[in-house]
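Trainee: Below are the sequence and a predicted model for it; my questions follow.
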Amino acid sequence: MKKVLVTGASGFVGSHLADSLLEAGDYEVWAAVRATSSRKYLTDSRLKFIELSYRNANALKELMQTHDFDVVFHIAGATKQKRVGEFEEVNYGNTKSLVDALQGLRAKLIFTSSFAAHGAADPVTNEPARVSDECRPDTQYGKSKLKAEEYIKENFTSGNYIILRPTGVYGSRETDYFTYFQTIDNHLEPYLGFKPQRLTFVHGKDLADLCVRCGESSVRGRTYFVSDGNLYMDYEFAQITKEVLKTKTLKVKFPLFIVRGVVFLLDCVSRLTGQQFTLNKDKYNILKARNWACDTTDLQTDIGFSPRYDLKAGVIEAITWYKKEKWL
C-alpha cells in the first residue's frame, strides 16, 4: 500500500483527490489541512490528517523524512489574494519549502499549477497554447505559479515530478463557477467584450483521477496542459447551462473599457482601505482574454488521460449537486 500526501485536501480539487485515492483502495492517504480548515468533505475514517509548517524548514524536512511518502500531491495554493504578496508567499513560497523538504527522499511530486502560468493563448492566430511555448503570464496569480514551476524544474534534484496546468476547473464543491451558474439561474447571461471567448474546461473529478494516474505513471520531469480535450465558445457554455437549469436569460454585454474603468476604481479603493474585491486587475486580465485553447495531445499519449466528463455532462453533475446541497 502506497503512502501518499495530499496538500490542500480540504479544498475543491484536494477533497476530490482524497476521494479518488480512497476509492482506488491501494493508498494510505494523509490529508494536509490547517487547524482552521473545514473537514466537511473529509469524513472517511480511513483518512489520516497532518499539518504542515511551511515556514519552519527544519520541522517540515523532519516531517517529510519521518513519513517518507511515496507520492506527494501538492494541490494547496491561493486562488484569491487577500493582501499584496499572498500569491507569491503561498503559491511560490510554500512550494519552494515543500520541494526543499523533499530533497533526497523517494517521493514523486505531482504539482497542480495552472493555465495561468502560461498566460492566455494567441488571440490572433487562435492557436492553442502548448508546453513548448514561451510563458507570458499577465496575472500575479499566474506569475506565482510559473515561479513555482521553475523552482521545481531547477531544484527538485531527483527530477521525479509532473507539473499539471489545468484550465477552467469546475464541478461539485466548486465556488467560482458556481457564481456563474447562479447568475444564469437568476436569468442574467453576462459577457465581457463583444468578441466571443474560446474556452476550455476540466471537471474536478477528472482532474483528481488524472493526479492519481500521474502518481502511478513512470513518466517524470514533464509538464502538461489539462482539459477535457474539447474547445467551447462562451455562448455554448451559457447555452448548456441554460438547458440544464431549464431557464431563459437576458444577454448583457459589457464593453471592456467600462469594466477596465471599474477595475481601476476598485483597485484604488483597495489600496486605500485594504479591502479586496472579486473583480480586480488579475480577474480582468483573465476575463478579457479571448483564447483559452490548449493542446493536451501529449497528456493523452503519455498518461492515457481520458476524461469522464465533457462540458454538458460536467455541468449536469455540478448543478445536480448544487441543487441537492441547496446552493441553487
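Mentor: Everything's here; your move. Since the structure is predicted, the reported quantities are computational estimates derived from the model, not experimental observations.
Trainee: Look at Ile163 and tell me its secondary structure.
Mentor: strand (DSSP: H, G, I helix; E, B strand; the rest coil).
Trainee: can you pull the pLDDT of it?
Mentor: If you check Ile163, the pLDDT there is 98.
Trainee: Give me the helices and strands touching the strand or helix carrying Ile319, please.
Mentor: Assessed by DSSP states H and E, Ile319 sits inside helix 311-324. Contacts defined by 3 or more C-beta pairs under 8 Å, 6 or more residues apart in numbering; DSSP states H and E place helix 311-324 against strand 168-170, helix 176-185, strand 201-203, helix 234-245. All C-beta atoms are positioned from the backbone trio N, CA, C, and that covers glycine.
Trainee: packing partners for the first one?
Mentor: The elements that strand 168-170 packs onto, with contact taken as 3+ C-beta pairs under 8 Å, 6+ apart, are strand 201-203, helix 204-216, helix 311-324.
Trainee: could you dump the ones you listed to JSON lines with mean pLDDT and distance to Cys294?
Mentor: What follows is those, written out as JSON lines (pLDDT from 0 to 100; distance: least, C-beta to C-beta, whole Å):
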{"stretch": "strand 201-203", "mean pLDDT": "98", "distance to Cys294": "10"}
{"stretch": "helix 204-216", "mean pLDDT": "98", "distance to Cys294": "14"}
{"stretch": "helix 311-324", "mean pLDDT": "98", "distance to Cys294": "15"}
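Trainee: Let me know which of those is tucked in deepest.
Mentor: When those are scored by mean count of other C-beta atoms under 10 Å, the highest mean neighbour count falls to strand 201-203 (a mean of 26).
Trainee: Sheet-wise, list the partners of it with their directions.
Mentor: Strand 201-203 has the following strand partners under DSSP bridges: strand 168-170 (parallel).
Trainee: what's the closest non-adjacent residue to Arg222?
Mentor: Nearest non-adjacent residue to Arg222, counting by C-beta to C-beta, 6 or more residues apart in numbering: Ile162, 5.7 Å away.
Trainee: Would you quantify the distance from that neighbour to Cys211?
Mentor: Distance, Ile162 to Cys211, using C-beta to C-beta, to the nearest Å: 9 Å.
Trainee: Looks like Ala208 contacts Leu17 (just checking).
Mentor: Yes: between Ala208 and Leu17 there is a contact under C-beta atoms under 8 Å: 4.1 Å.
Trainee: show me where this structure has strands.
Mentor: For the chain, the strands defined by DSSP state E cover 2-7, 27-32, 48-50, 71-74, 108-112, 161-166, 168-170, 188-192, 198-199, 201-203, 222-226, 232-233, 250-254.
Trainee: what's the closest of those to Asp133?
Mentor: Comparing those against Asp133 with C-beta to C-beta, the closest turns out to be strand 222-226 (10.0 Å).
Trainee: I'd like the helices and strands packed on strand 168-170 laid out as CSV, including distance to Ile152.
Mentor: Converted to CSV, these look like this (distance: least, C-beta to C-beta, whole Å):
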stretch, distance to Ile152
strand 201-203, 21
helix 204-216, 14
helix 311-324, 29
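Trainee: for Asp228, what are its contacts?
Mentor: Thr200, Phe201, Val202, His203, Asp206, Pro307, Tyr309, Asp310, Leu311, Gly314 (C-beta atoms under 8 Å, 6 or more residues apart in numbering).
Trainee: This completes my enquiry, with thanks.
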